[in-house]
Structure formats: C-alpha cells, structure tokens
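> Sequence and predicted structure below; questions after.
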Amino acid sequence: MVGFGLLFGYTKKLVWSGMGFNLFIVAFCLEFYPLINNFWTRTQIQKNNSPLLDFSYSNRYYDLYLANRDTLPTAGYTGYGNCITNALKCGLAMAIAFSAILGRAGQLECLLVCIVGTIGYELNRQLLQERIGSDSFETFIIFTYGGFMALALGLFAYLREQKE
C-alpha cells in the first residue's frame, strides 16, 4: 500500500502529499472499516447463517482477523469478511478514488472521502457479493467502486472550481 502512494508522484510537487495522503487513507481505513463492516453485516444485507448476527446483549464484540473467516474450512458460515485484508482492499479503493482530486484537495476532503467512501465501499461490496457472488480477490469491487467514486469526486471538484 505504501508503494501505491509512490504512484502519485508522477509530478515532483505531488510526491510528498501523495505519500502522506496515502498513509492517512490506509490508516483510517484500517481503523474505520471493521466498524462499518460489522454494521452492514448486522443489517443482514447478505443472507448468511452467521452466529455473529445475534443481537442479544451477550454478543457485543467486534472481531478482526488476519485472514478471511470464510476461507477457513471449519468456519461453518461465510460472508462475514471483517479482516485486515478487506480493510486494505477498502484503503486501496479509497486511494484510487482520492487520486482524482490529488493536488486540488486538502486534509478535510481526504477525511470526508475516507468516511463516506468506506461506508459506500462496504455497502457496495456486500451487495455485489450477494448479487454476483465472489470475484477473484475482489478486484472488480475495488476498481469499479474506486473508479466511479473518483469520477464523482472529480465532478464535485470541477463544479466547486467553477463556482469560485
């Protein structure tokens, strides 16, 4: 993920801001993604028989795993997906989206992109996994969401510049 920030360095003036924003996006997604994943999982968008969807008082915990639980053969349920690798995939999608407004946006815009983008990414991921199933390493989900969010952010930045 750090190497992806170096791709922002296609001009000399964006090298340090690209690296800094990329590290901020990845760090924020690693912290914020498990909360959003657990929220959207508990809304039961995906129809799975997970024991983690129990709303009783004794089941108030958030799990974060290094590997995806649905790849474990003894898991017994699939689709939970609250793991560090999925948080990094979310960070990659947000870095792709933010690259459209890099150089025209500051720290506040980066924070807003991370908050709104993480919520939208996880909703999009769970809906697409329910509708089309699993694709190879979720590349379809990462790059389509990141690309379309980049288009929307570019449009918003263009409209804001035209207004000024």
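Ah, there it is. Numbers count the residues shown, from 1 in each chain.
> Okay, buried residues for the lengthiest helix in the chain please.
Determined from DSSP state H, the single longest helix within the chain is helix 15-42. Going by neighbour count (16 or more other Cβ atoms under 10 Å), the buried part of helix 15-42 is 17-19, 21-22, 24-26, 28-30, 32-34, 36-38, 40-41. C-beta: built from backbone N, CA, C; applies to glycine.
> what does stretch 143-150 give?
Buried residues in stretch 143-150, defined by neighbour count with 16+ other Cβ under 10 Å: Y145, G146, M149, A150.
> okay, now E109: neighbour count?
Using other Cβ atoms under 10 Å, the number of residues around E109 comes to 17.
> which strands and helices sit next to the helix or strand hosting it?
When elements are assigned from DSSP states H and E, E109 belongs to helix 107-131. In this structure, helix 107-131 packs against helix 15-42, helix 84-98, helix 139-163, with contacts taken as 3 or more Cβ pairs under 8 Å, 6 or more residues apart in numbering; DSSP states H and E.
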